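Visitor: need a structure here:
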Amino acid sequence: MSVDRPRQRHLAGGTTPERGPRDRLEQLLGPVGRDAIGVWLLSRVSMWILAVAAGWLFVTDGNDVIPWLERWQRWDFVHFSGIATHGYGGEPTGVPNVAFFPGLPALLWLGSQLGLAHVTTGLLVSLAAGAVAAVALGRLGALEGGAAAGRLTVVAWVCSPAAVFLAAPYTEALFLACAFPAWLAARRGNWLAAGALTALACTVRVSGIFLAAALCVQWLVTRFETSDRRRWSWSGFGWLFLPALPLAGWMLYLRNLTGDWLAWLRAQEQEWNREFTWPWDAWSNTWQAAFGGTQSPGFAWMFGAELVALVVGLALTAALLWWRRWGEATWVGLQVTAFATSYWFFSVPRATLLWWPLWVGIGVLAARRRWVLWTYVLISAPLMGVWAVTYLTGRWAG
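Guide: Below you'll find the predicted structure:
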């Protein structure tokens, strides 16, 4: 009885009881955020099941089962880990490592100082960052179509064909943990937060440059939509320059290290054929790689997927322009332009994970027409499994 009396007197005084940590967390997340976290965690279980199964079911005759953590140490992760170990001074992974931005390697290095293996740190970063991105994406979907659309937006995103890269120790989840909240902040008119988050995104991927450009367009859109033409408001304009700070620092570092301000771009051209090519030639080169018999079946399949993903990007950009969503059209359109003017299309399916207007659009349509959800999941979920197994068994997955 002595334990209950203070609480009874507290309630009798008309004061609301103090909330516990769980209550405060639920209040912070809200219904959409809570559901987004739930969807994200359940999708991680699915991806981990695929990771376990892939290691046992696709073992080549005469080989041992690859340990679970080693299954994630594929392709670009080798470069991130090499940078975290050796820095940018050498080329420990056989390619110019300056092609990769320092955000994720810096976190891998920090994890190693705490005694964690690089792959463990990378997986934990993707797990936590993906949760942040999922909450922000759900809220973006809710802004367009309500709570149901917000939940289904996250479902569409985690079931996307290239979703394995949200779990892998890659840059996608970390970048989106900055990019999605940045755009959400811009939609709410918080330009300081939008600029700061975009600046963080610019330390992770070159895509941060496109995000910064889209942010500027979105700021202009809000001026024309809400401002009295006779009293132009410059509120928030200065925060748009925040992304330039890490980019300038990165370029200055590269200039001192290599003598080239744009060493990262030269490395992309040298190792990944990202030199400027006319779009019709890039399409022809990719088509030939997919259907011309010049590639192995696995690579040919992925080049075919590149073609499909670019068509999706073109259609999405056109739709956004039609709907006068100028900021979102800039975000997607600049990426599509960059992909379409390389020697061939490369890593476009992975880039679709960054196109939040695509996932929001699917979420809104699915909330209105349930058959859209079932059609999408029945097509996309098997492809997600294919991409996951491809990556986890060491094959090229884009």
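Visitor: where's Val155 relative to Leu197, distance?
Guide: According to Cβ to Cβ, to the nearest Å, Val155 stands 24 Å off from Leu197. (Each C-beta comes from the backbone N, C-alpha and C, glycine too.)
Visitor: And Glu271, by the same measure?
Guide: 30 Å.
Visitor: neighbour count winner among the two?
Guide: Leu197 (27 against 13; other Cβ atoms under 10 Å).
Visitor: So for the more buried one, what pLDDT did the model give?
Guide: pLDDT for Leu197: 98.
Visitor: Who's the closest spatial neighbour of it, skipping the chain neighbours?
Guide: Nearest residue to Leu197 in three dimensions, chain neighbours excluded: Ala182, at 3.6 Å (Cβ to Cβ, 6 or more residues apart in numbering).
Visitor: other SSEs contacting the helix or strand containing the one you found?
Guide: Using DSSP states H and E, Ala182 maps to helix 172-187. The helices and strands touching helix 172-187, judged by 3 or more Cβ pairs under 8 Å, 6 or more residues apart in numbering; DSSP states H and E, are helix 103-113, helix 118-145, helix 164-167, helix 191-201, helix 207-226, helix 326-340, helix 356-368.
Visitor: Just name the most buried of those.
Guide: helix 164-167 (a mean of 26; mean count of other Cβ atoms under 10 Å).
Visitor: Export only the CA atoms of that helix, formatted as PDB.
Guide: Output of helix 164-167 as PDB, limited to C-alpha atoms (Å, rounded to 0.1, in the frame of the first residue of the first chain):
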ATOM      1  CA  VAL A 164      19.500  -6.400 -50.200                       C
ATOM      2  CA  PHE A 165      21.700  -3.300 -50.500                       C
ATOM      3  CA  LEU A 166      19.700  -1.800 -47.600                       C
ATOM      4  CA  ALA A 167      20.900  -4.600 -45.400                       C
END
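Visitor: still on that earlier bit, go through the helices and strands packed on helix 172-187 and find the least confident stretch.
Guide: helix 207-226 (a mean of 91).
Visitor: Tabulate the CA atom coordinates of that helix in PDB.
Guide: Extracted in PDB, the C-alpha atoms of helix 207-226 (Å, rounded to 0.1, in the frame of the first residue of the first chain):
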ATOM      1  CA  SER A 207      24.200  11.500 -55.000                       C
ATOM      2  CA  GLY A 208      24.300  14.100 -52.200                       C
ATOM      3  CA  ILE A 209      25.100  16.700 -55.000                       C
ATOM      4  CA  PHE A 210      21.900  15.800 -56.700                       C
ATOM      5  CA  LEU A 211      20.000  16.100 -53.400                       C
ATOM      6  CA  ALA A 212      21.500  19.500 -52.800                       C
ATOM      7  CA  ALA A 213      20.300  20.700 -56.200                       C
ATOM      8  CA  ALA A 214      16.800  19.300 -55.600                       C
ATOM      9  CA  LEU A 215      16.800  21.100 -52.300                       C
ATOM     10  CA  CYS A 216      17.500  24.400 -54.000                       C
ATOM     11  CA  VAL A 217      14.700  23.800 -56.500                       C
ATOM     12  CA  GLN A 218      12.300  22.900 -53.600                       C
ATOM     13  CA  TRP A 219      13.200  26.100 -51.800                       C
ATOM     14  CA  LEU A 220      12.300  28.100 -55.000                       C
ATOM     15  CA  VAL A 221       9.000  26.200 -55.300                       C
ATOM     16  CA  THR A 222       8.000  27.200 -51.700                       C
ATOM     17  CA  ARG A 223       8.900  30.800 -52.500                       C
ATOM     18  CA  PHE A 224       6.500  30.900 -55.500                       C
ATOM     19  CA  GLU A 225       3.800  29.000 -53.700                       C
ATOM     20  CA  THR A 226       3.600  30.800 -50.400                       C
END
